[in-house]
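S.K.: Below: sequence and its predicted model.
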Amino acid sequence: MNIIISNSSGEPLYEQISSQIKAQIINGTLKEGDALPSMRALALALHISVITTKRAYEELERDGFIESYTGKGSFVKRQNTEFLREECLRQTEELLSQACEKAKQGGVSLEELKEILDIIYGGD
């Protein structure tokens, strides 16, 4: 599991951790039943407080991405594929909305924006 945290980001560390784990579950890097590192091991690897990793894991469990068992650890929970797709669509819409606002501010036309999207997405 690869997690990169940034102290210069405006996002709290626990949110950076949980959002990256969610992304790895959504894209299939982490699969149902996969064990996550213990809170202590992850904190040690990232050079952060165990309280921070505990909060990230609690958020992931609350959102239904993982399940934790006392003495056994935390594991990727079976995911509802429909829910994962909806979450992915929601995040994509949010990011595209930000991109559209930026494009409007910069005077980028809709056609130019579509062309950029085609190139980035992998079209001709």
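M.R.: Nice, I can see it. Treat the numbers as computed from the prediction; the structure is a model and nothing was measured.
S.K.: For this protein, which element, helix or strand, carries the lowest mean pLDDT?
M.R.: Evaluated with mean pLDDT, DSSP states H and E, the helix-and-strand set of the chain has its lowest mean pLDDT in helix 81-105, which scores a mean of 88.
S.K.: Could you tell me the model confidence score at Lys22?
M.R.: Lys22 is assigned a pLDDT of 91 by the prediction.
S.K.: next one: Asp124
M.R.: 53.
S.K.: and what of Glu58?
M.R.: Reading off the per-residue confidence, Glu58 sits at a pLDDT of 96.
S.K.: moving C-terminal of the helix or strand harbouring it, what's the next helix or strand?
M.R.: Following DSSP states H and E, the helix or strand that holds Glu58 is helix 50-62. Once helix 50-62 ends, the next helix or strand along the chain (criterion: DSSP H and E) is strand 66-69.
S.K.: hmm, who's touching the helix holding Glu58?
M.R.: Outside helix 50-62, the residues that touch it by Cβ atoms under 8 Å, 6 or more residues apart in numbering are 13-15, 17-18, 21-22, 36, 39-40, 42-43, 46, 66-68, 74. The way it works is simple: take the backbone N, C-alpha and C, and place the C-beta from them, glycine included.
S.K.: what's the domain layout of this protein?
M.R.: As recorded under automatic domain parsing, the domains making up the chain are 13-76, 81-121.
S.K.: And those: which comes nearest Ile4?
M.R.: The closest of those to Ile4 is domain 13-76. By Cβ to Cβ, the value is 7.3 Å.
S.K.: how long is the closest one from one end to the other?
M.R.: 20 Å (Cα to Cα, to the nearest Å).
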